[in-house]
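Asks: this is a predicted model, with the sequence first.
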Amino acid sequence: MYAISLGDGAELCPLEPWQAEEFLAHVDRGREFIGRYNGLPDAVTDLESAGAFLRTYAERAAADTGRLHGIRADGTLVGAVLFRRLDVAQGIAEAGCWLEPSAVGRGLVTRAVRAIIDWAVEERGIHRVEWWVSAGNEPSIAVARRLGMTKDGVLRESYLYRGKRHDEEIWSVLAPDWRAAARES
């Protein structure tokens, strides 16, 4: 199995169906925290649903329509980054993430998303990477800013989550801007 170093004892690596038990334990550790803005804890509630979620992303990877990668800190699964949507023909991808509380504040998501955007832009020819986020999710919005994304707009009360309507912000970065920022750093 491959792993990409994120520094500080952390790495980015695949998440696969055979890891369902470990994945469920990770979701359980972060269930309340992750669930503030992310529906993952509502979808992954037991070993069967954890395996089904991981199989969905294995199928998306095989179909070239999505990807899921775990973030490990000192060998423990503490979060993930993903392409919820990957449309190579259109050159558009939607990235996302989550972390359990023990991993917050270390810059892991920013470094991990940077790695998958680099791959999408340079290896797959993706032109636009989007970041859809609840307007109340300040930490996720801060990631979009650190990645050099531009706020495209707000979809007012477009997202019904746990019985409440939320505004959703759309942020994005275009391949030429991504490459220019990489050359400057």
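Replies: Perfect, I can see it now. Note that this is a predicted model, so its numbers are computed, not measured.
Asks: quick one, strands of this protein?
Replies: With strands called from DSSP state E, the chain shows them at 4-7, 10-14, 67-73, 76-87, 92-99, 128-134, 150-161, 164-174.
Asks: format those strands as CSV; extra columns: mean pLDDT, mean neighbour count and distance to R55.
Replies: Where C-beta positions appear, they are placed from N, C-alpha and C, glycine not excepted. Shown next, in CSV, are the strands of the chain (pLDDT from 0 to 100; neighbours: other CB atoms under 10 Å; distance: least, CB to CB, whole Å):
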stretch, mean pLDDT, mean neighbour count, distance to R55
strand 4-7, 95, 14, 23
strand 10-14, 96, 19, 13
strand 67-73, 97, 23, 11
strand 76-87, 98, 21, 14
strand 92-99, 97, 22, 18
strand 128-134, 98, 22, 23
strand 150-161, 96, 13, 24
strand 164-174, 97, 17, 27
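Asks: can you redo those as a markdown table with distance to F23?
Replies: Shown next, in a markdown table, are the strands of the chain (distance: least, CB to CB, whole Å):
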| stretch | distance to F23 |
| --- | --- |
| strand 4-7 | 19 |
| strand 10-14 | 12 |
| strand 67-73 | 8 |
| strand 76-87 | 7 |
| strand 92-99 | 12 |
| strand 128-134 | 22 |
| strand 150-161 | 22 |
| strand 164-174 | 26 |
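Asks: and those: which comes nearest A181?
Replies: Closest of the strands of the chain to A181 is strand 164-174, at 8.1 Å (criterion: CB to CB).
Asks: tell me the strands beside that closest one, with direction?
Replies: Sheet pairing for strand 164-174, assigned by DSSP bridges, gives strand 128-134 (antiparallel), strand 150-161 (antiparallel).
Asks: tell me the gap between that strand and the middle of its chain.
Replies: Mean C-alpha position of strand 164-174 versus that of the full chain (CA atoms, centre = their mean, to the nearest Å) differs by 14 Å.
Asks: what's the closest non-adjacent residue to N137?
Replies: Y37 (4.4 Å; CB to CB, 6 or more residues apart in numbering).
Asks: wait, that neighbour sits on S134?
Replies: Yes: between Y37 and S134 there is a contact under CB atoms under 8 Å: 4.6 Å.
Asks: neighbours of the residue nearest to N137, how many?
Replies: 18 (other CB atoms under 10 Å).
Asks: what does the longest helix anywhere in the chain rub up against?
Replies: If you go by DSSP state H, the chain has its longest helix at helix 47-63. With CB atoms under 8 Å, 6 or more residues apart in numbering as the test, helix 47-63 has contacts from 15-17, 19-21, 23-24, 27, 40, 43-44, 66-68, 82, 86.
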